[in-house]
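# Generate a structure from the sequence data that follows.
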Amino acid sequence: MGGVVLDDGASGVKAPDGGWGWAVLFGCFIITGFSYAFPKAVSVFFKELIREFGIGYSDTAWISSILLAMLYGTGPVCSVLVNRFGCRPVMMVGGLFAASGMILASFATSIIHIYLSIGVLTGLGLALNFQPSLIMLNRYFNEKRPLANGLAATSEPSHAKPTLNHTVYICHTE
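Residues are numbered from 1 along each chain as shown. Prediction:
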């Protein structure tokens, strides 16, 4: 098995709490945003997919469901790969999987192709990026870890829907 960098301890490597860690935080911010926003953004294409493939709304909703199942369900596999090969190689493969899935989806001729390319391949790619990014973030921050985790999580899209209090009304007077 591969070695693991310890955050503290007599024989471990102490996290630098800054320096290059801020670049790692920025990368984690971007990865978190993509990992959570992409499954939601796919829904923009649902009407077009319904029209193109002649399917129902529930058939298109499976795309996001499969993608999220892969994102969260492959966590144990991702952990094994990170322990065996390290964060950086796993993230590189994840990036290739995610990009390949998105590119293959543009050539899809049926909804099954979308399930496999976006749901499975892109979902696995996002998982292989998301979990190692959080692991790397925690290796670069020790004392400032709560701040770093909070800043990385701010890129997650909001789950709240706008209400009357969030609506801006513009009145024109002539």
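# Distance from stretch 24-41 to the middle of the chain?
On the basis of CA atoms, centre = their mean, to the nearest Å, stretch 24-41 sits 5 Å off its chain's mean C-alpha point.
# List the buried residues for that stretch?
24-25, 27-29, 31-36, 38-39 (16 or more other CB atoms under 10 Å). C-betas here are computed from N, CA, C, even on glycine.
# and of those residues, the nearest to residue 95?
Set against residue 95, the nearest of the buried residues of stretch 24-41 by CB to CB is residue 31 (9.4 Å).
# Is the residue nearest the centre of the chain inside a helix or a strand, and which specific one?
With distances taken as CA atoms, centre = their mean, residue 35 lies nearest the centre of the chain, 1.7 Å away. Element membership for residue 35 (DSSP states H and E) is helix 21-41.
# Which SSE is immediately downstream of that helix?
Following helix 21-41 toward the C-terminus (DSSP H and E): helix 46-53.
# Which secondary structure elements does that next one sit against?
helix 57-73, helix 111-114 (3 or more CB pairs under 8 Å, 6 or more residues apart in numbering; DSSP states H and E).
# angle of it against helix 57-73?
Put simply, helix 46-53 runs at 120 degrees to helix 57-73, going by axes from the mean of the first three to the mean of the last three CA atoms, to 10 degrees.
# Flag every buried residue along helix 46-53.
For helix 46-53, by 16+ other CB under 10 Å, it's 46, 49, 53.
# And for stretch 53-64?
Those would be 53, 55, 59, 60, 63, 64, for stretch 53-64 by 16+ other CB under 10 Å.
# For residue 93, which residues are in contact?
Applying CB atoms under 8 Å, 6 or more residues apart in numbering to residue 93 gives the contacts 125, 128.
# Please tell me how far it sits from residue 60.
28 Å (CB to CB, to the nearest Å).
# Next, format the buried residues of stretch 53-64 as JSON lines and append pLDDT and distance to residue 17.
JSON lines is the format used below for these (pLDDT from 0 to 100; distance: CB to CB, whole Å):
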{"residue": "53", "pLDDT": "92", "distance to residue 17": "51"}
{"residue": "55", "pLDDT": "93", "distance to residue 17": "51"}
{"residue": "59", "pLDDT": "92", "distance to residue 17": "48"}
{"residue": "60", "pLDDT": "92", "distance to residue 17": "45"}
{"residue": "63", "pLDDT": "93", "distance to residue 17": "40"}
{"residue": "64", "pLDDT": "91", "distance to residue 17": "37"}
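# returning to that earlier point: who does the helix holding residue 35 touch, helix- and strand-wise?
helix 57-73, helix 123-140, helix 145-153.
# and among those, the most buried is which?
Across the helices and strands packed on helix 21-41, averaging neighbours per residue (mean count of other CB atoms under 10 Å) puts helix 123-140 on top, at a mean of 23.
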